[in-house]
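K.L.:
sequence and predicted structure are below.
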Amino acid sequence: MKIYPLLVDQAVTEEIGRRITAYRISRQMTQAAMAAEAGVSKRTVERLEAGEPTQLTNFIRCLRSLGRLEALELLLPELPPSPIAELERQGLPRQRVRSVGKKPARKKAWNWGDQK
């Protein structure tokens with residue numbers, strides 16, 4: 001099943017559990033072996049594979065035991081710095097951009113009787 005935005009949370013966690021099960025089996029690991037390698041209980045692995053709630057740290061440990069921890073980098077890649085942050089990092093001042101075709105403001109306000 002493809003994970004897409006309209007799926008309810010329970011369906012997403014169940015699909016993640018199915019995928020973790022598939023990776024574990026492809027590595028020819030039992031739930032007990034995976035639990036021992038990840039440093040979690042066998043019950044935690046069972047709950048994770050069933051799509052039940054578990055702690056994020058346990059999920060990370062299980063991904064590490066499956067050799068899939070780097071997949072989190074694809075999930076949430078680091079954002080590049082904003083242009084303003086890059087200027088600040090380089091020690092350059094921010095520059096204001098003037099709209100094209102906009103006339104500069106008058107230095108002195110016009111008053112009645114000033115037309116000479």
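P.N.:
Looks like it arrived, so ask away.
K.L.:
how far does the lowest-mean-pLDDT helix or strand in the chain sit from the chain's center?
P.N.:
Lowest by mean pLDDT, DSSP states H and E among the helices and strands of the chain is helix 83-90, with a mean of 79. Averaged C-alpha coordinates place helix 83-90 at 22 Å from its chain's average position (Cα atoms, centre = their mean, to the nearest Å).
K.L.:
cool, stretch 43-55 as well?
P.N.:
Once both centres are worked out by Cα atoms, centre = their mean, stretch 43-55 turns out to sit 22 Å from its chain's centre.
K.L.:
check stretch 78-88 too.
P.N.:
Distance, centroid of stretch 78-88 to centroid of chain: 17 Å (Cα atoms, centre = their mean).
K.L.:
in it, which residues are buried?
P.N.:
Judged by neighbour count using 16 or more other Cβ atoms under 10 Å, stretch 78-88 contains no buried positions. (C-beta placed from N, C-alpha, C; glycine too.)
K.L.:
cool, and stretch 49-57?
P.N.:
Within stretch 49-57, the residues scored as buried using 16+ other Cβ under 10 Å are 49, 51, 54.
K.L.:
where are the low-confidence patches of the protein?
P.N.:
The model of the chain has pLDDT under 70 over residues 92-107, 110, 114-116.
K.L.:
okay, now residue 76: neighbour count?
P.N.:
7 (other Cβ atoms under 10 Å).
K.L.:
any idea how far it lies from residue 48?
P.N.:
Look at residue 76 and residue 48: by Cβ to Cβ, to the nearest Å, they are 19 Å apart.
K.L.:
try residue 82
P.N.:
36 Å.
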